[in-house]
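> okay, sequence plus prediction incoming.
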Amino acid sequence: MSTIQQEPVHAGEFLLSEGAGKISREAINIVAGPALVAGQLLGLVTASGEFAPYNPEAEDGSENAVCILFAPLGESDVSRRGRAVVRLAEVTEALLTGLDGDAEKSLAASFIILR
């Protein structure tokens, strides 16, 4: 009997290149909720100013992908602090979570390019 284990995406593993001096990253506040993996697309919830997992069906601001979570976060019932790639980067699309055509276009507006 063999047990196959799947390794999650590591912090920043999806990054191919970023702006000099880590200009591509920012510290952000993320809404309370389930655990999130590195590479999760995030949208900005307009009412709270916090980020939430990208959801194209939402109507609270999180329907627009604006950044990518840099490192995994554990489940929490309160807002949490995290890091995100918010501009000037090339990323591996196969390592992103929640990606669709609209998210790709939205990220391109922040000069986050998928490869």
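On my side now, so go ahead.
> what about the helices in the protein?
For the chain, the helices defined by DSSP state H cover 101-108.
> low-confidence bits of it, can you list those?
1 (pLDDT under 70).
> quick test: name the residue nearest the centre of it.
I68 (2.3 Å; C-alpha atoms, centre = their mean).
> burial check on the nearest residue to that residue once chain neighbours are set aside, number of neighbours?
In this structure, I68 finds its nearest non-sequential neighbour in V85, 4.6 Å apart by C-beta to C-beta, 6 or more residues apart in numbering. Yep, even glycine has a C-beta here, placed from its N, CA and C like the rest. Neighbour count of V85, defined by other C-beta atoms under 10 Å: 25.
> now V85: how far from L16?
11 Å (C-beta to C-beta, to the nearest Å).
> please apply the same query to E7.
19 Å.
> the more surrounded of the two?
L16 (12 against 6).
> got a list of what the residue nearest to I68 touches?
Contacts for V85 (C-beta atoms under 8 Å, 6 or more residues apart in numbering) come out as 15, 18, 24-25, 67-68, 70, 91, 112.
> surely Y54 is in contact with A65?
Yes. If you go by C-beta atoms under 8 Å, Y54 and A65 touch, sitting 4.4 Å apart.
> common neighbours of those two, please.
With C-beta under 8 Å, 6+ apart as the test, Y54 and A65 both reach 41-43, 98, 103.
> now, those residues that are in strands?
Per DSSP state E, strands hold the following members of the shared contacts of Y54 and A65: 41-43.
> all set now, cheers.
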